[in-house]
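# My questions are about this predicted structure, shown below with the sequence.
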Amino acid sequence: MRGTGRTVFSGTRIEEFQVEILGVLENVGPKQSIVLARLSGGPLEKTGVLQGMSGSPVYIQGRLLGAVAMSFPFSKEPLCAIRPIEEMLRSAQGELEQSARIRFSFRDGDLTRYFGRPANFQTGPGRIVDIATPVAFSGFTRNTIEHFAPQLRALGLEPSQGISGGGRLLETSGNPAPLVPGSMISVLLLTGDMTISADGTVTYVDGQKVYAFGHRFLSIGSTEIPFARAEVLTLLPSLASSFKISAPREWAGTITQDRSTAVTGELGRRAALAPISISMTRHAASGRQQVRSNYHMEMVNDPFLSPFLVQMAVFSAIDATERTIGSSTLAIRGEIEFKDGSAPIRLNNMYAGDFSVPQQASLGTAVPLAYALQSGFQSLRLRNIKLDIDSFDERKTMQIDQVWASRRIVRPGETVQLTVSLLGSNGKELVRKVSYTIPIGMPAGTLYFTVADGNTTNMAEFRQILDSNLKSPSQLIAFLNSLRNNTNAYVRIWRQGQNYSIQGQDLPNPPPSVDQILARSQASLGGTLLSTDSKVAEMVIDSGGFVVTGSRSIQVEVKQ
């Protein structure tokens, strides 16, 4: 059988190419089949199957067969697989489904692990995969694209430096030509001073509904991502994989579904975007400001995409200002606000070192957002994000070096003075003293004083609640805001004994009657956690604006 396909090779003009049907691969996936075909005509003899052709409609005797969706890597001929249109139409059936509740872990350093990976079918000795989706980064540093390229390519995306400049997406003006099968579109993940756009082709238009790509984008299910009509600037033939170089033009609608066989959208629908602003200030060794940069963007309001976009935007803002080698320190402060009126998540942390500081800072900023948005609380929708970042050309760190107590044996009512020595990377020593009065009535026994940095203290106290189910958005945000920052040292005073944490609040050494009730209730009270170390008190030691690391413990004996 022979047919024709439609796509854009230059500008916005839709051109036809020829299709020769070679056969059908049945059940290559769950209730999925694909049609093998050879393409010809136009520039395809020279370029092969192009990135950006995903979704190009194929017709047999005037009837829509499906979309160009897959290809053979390093093929010497323009061979492809066509996704049948009936499988693409099924992708719209899940529009009323809610996204699955996935619990993000603070220990997870990969924000893309929940995205769908490209389909990959073995055909004899060969391999056929989803055509890679070209993604243009405008306003980003080259180092940012190279740093995130392995993660993006694992998702079936091919990143490149944006050809067009950054800026807000152009609004629809006048009476632009309607989108039709074969039109080129750009899916906009981020717009403004930094722009991220992914290109594909429209397969079918049914009233206001649009079907495109012929395969998943990121397979995130129900979502809201704006898309625009795109203009193809030129084609770039390549031995590895040729692709279209295009630029987004006027806004057209919103992608509402991202499924394994297609993305579907609605023409004229507005996506609710979340503003993000980043203020970057660089300080000289003398303490004076040298460079100040401000970035303003709008990004997709999606539980899975938004944290990853924040991570990339923060990394690029730092990389554009901060030096790439040598000692450095980054201080990040900001707020993440939500539409439901919940209290904002407050960010206040520092990152210092000789290597990978931008990576640490960008991930540390995005992880609390991922934890909140992927908690399953549908009411937590982003309103805006505001970040202030200060960079210093020095490693501002302090190591907890020594800890000693004024006495080793104490009685209730007496005071213990604790001396803590902090040692800087340049040999600077900082000594801090705190006092603790033993409460009247405290039982005899060993009392422990642990002086540790914020991360160590958080993990010691919240190691169980980090991956537990919190009951409401307010509990979740209160938990995130209670996490200690790493610019202080924390003195945790504790002793061996039963300790219960009820919805983030400590209840150390409860009376025997209460202890029995709580012990029996652990299974039914999801917010009740038991630990064997009972915290008695906590004190904070200010480091004077340095990142504190390390941990030291001492003990004293309480006598009656």
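Good, I have the coordinates.
# how long is stretch 461-480 end to end?
End-to-end distance of stretch 461-480 (Cα to Cα, to the nearest Å): 13 Å.
# Quick one: mean pLDDT over that stretch.
Averaged over stretch 461-480, pLDDT sits at 76.
# What segments of the protein are helices?
Secondary structure of the chain by DSSP state H: the helices cover 44-47, 85-89, 142-154, 305-321, 357-373, 454-462, 473-482, 512-521.
# how about a markdown table for these, with mean neighbour count and distance to Arg383 added?
For glycine as for every other residue, the C-beta is placed from the backbone atoms N, C-alpha and C. A markdown table is the format used below for the helices of the chain (neighbours: other Cβ atoms under 10 Å; distance: least, Cβ to Cβ, whole Å):
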| stretch | mean neighbour count | distance to Arg383 |
| --- | --- | --- |
| helix 44-47 | 16 | 44 |
| helix 85-89 | 19 | 34 |
| helix 142-154 | 16 | 26 |
| helix 305-321 | 24 | 12 |
| helix 357-373 | 22 | 12 |
| helix 454-462 | 19 | 26 |
| helix 473-482 | 17 | 13 |
| helix 512-521 | 12 | 37 |
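# Which among those helices is found nearest to Asn426?
Asn426 lies closest to helix 357-373 among the helices of the chain, at 17.1 Å (Cβ to Cβ).
# For that closest one, name the packing helices and strands.
Counting contacts by 3 or more Cβ pairs under 8 Å, 6 or more residues apart in numbering; DSSP states H and E, helix 357-373 is packed against helix 305-321, strand 328-338, strand 345-353, strand 382-392, helix 473-482.
# worst average pLDDT in these?
helix 473-482 (a mean of 89).
# so what's the closest residue to Trp404 other than its chain neighbours scoring on pLDDT?
Distance criterion Cβ to Cβ, 6 or more residues apart in numbering; nearest residue to Trp404, sequence neighbours excluded, is Thr419 at 5.4 Å. Looking at Thr419, its pLDDT reads 96.
# burial count for Thr419?
Thr419 sits with 13 neighbouring residues when counted by other Cβ atoms under 10 Å.
# and it, what are its bridge partners?
Trp404, Lys433 (DSSP bridges).
# again, but for Ser246
Residues in beta-bridge contact with Ser246 (DSSP bridges): Val232.
# I'd assumed Val232 was in contact with it.
Yes: taking contacts as Cβ atoms under 8 Å, Ser246 lies within contact range of Val232: 4.7 Å.
# So for those two, which residue has more residues nearby?
The residue with more neighbours, out of Ser246 and Val232, is Ser246; 25 against 20, by other Cβ under 10 Å.
# I'd like the distance between the more buried one and Met88.
For Ser246, the distance to Met88 equals 22 Å [Cβ to Cβ, to the nearest Å].
# likewise Leu483?
From Leu483 to Met88 the distance is 44 Å (Cβ to Cβ).
# Next: Thr256.
The gap separating Thr256 from Met88 is 14 Å, by Cβ to Cβ.
# that older thread, how about the helices and strands packed on helix 357-373 in CSV, adding distance to Lys428?
Shown next, in CSV, are these (distance: least, Cβ to Cβ, whole Å):
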stretch, distance to Lys428
helix 305-321, 26
strand 328-338, 14
strand 345-353, 14
strand 382-392, 15
helix 473-482, 31
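# among those, which is nearest Val367?
The minimum distance between Val367 and those falls on helix 305-321, with 7.4 Å, by Cβ to Cβ.
# got the angle between that closest one and strand 345-353?
Orientation of helix 305-321 against strand 345-353 (axes from the mean of the first three to the mean of the last three Cα atoms, to 10 degrees) gives an angle of 40 degrees.
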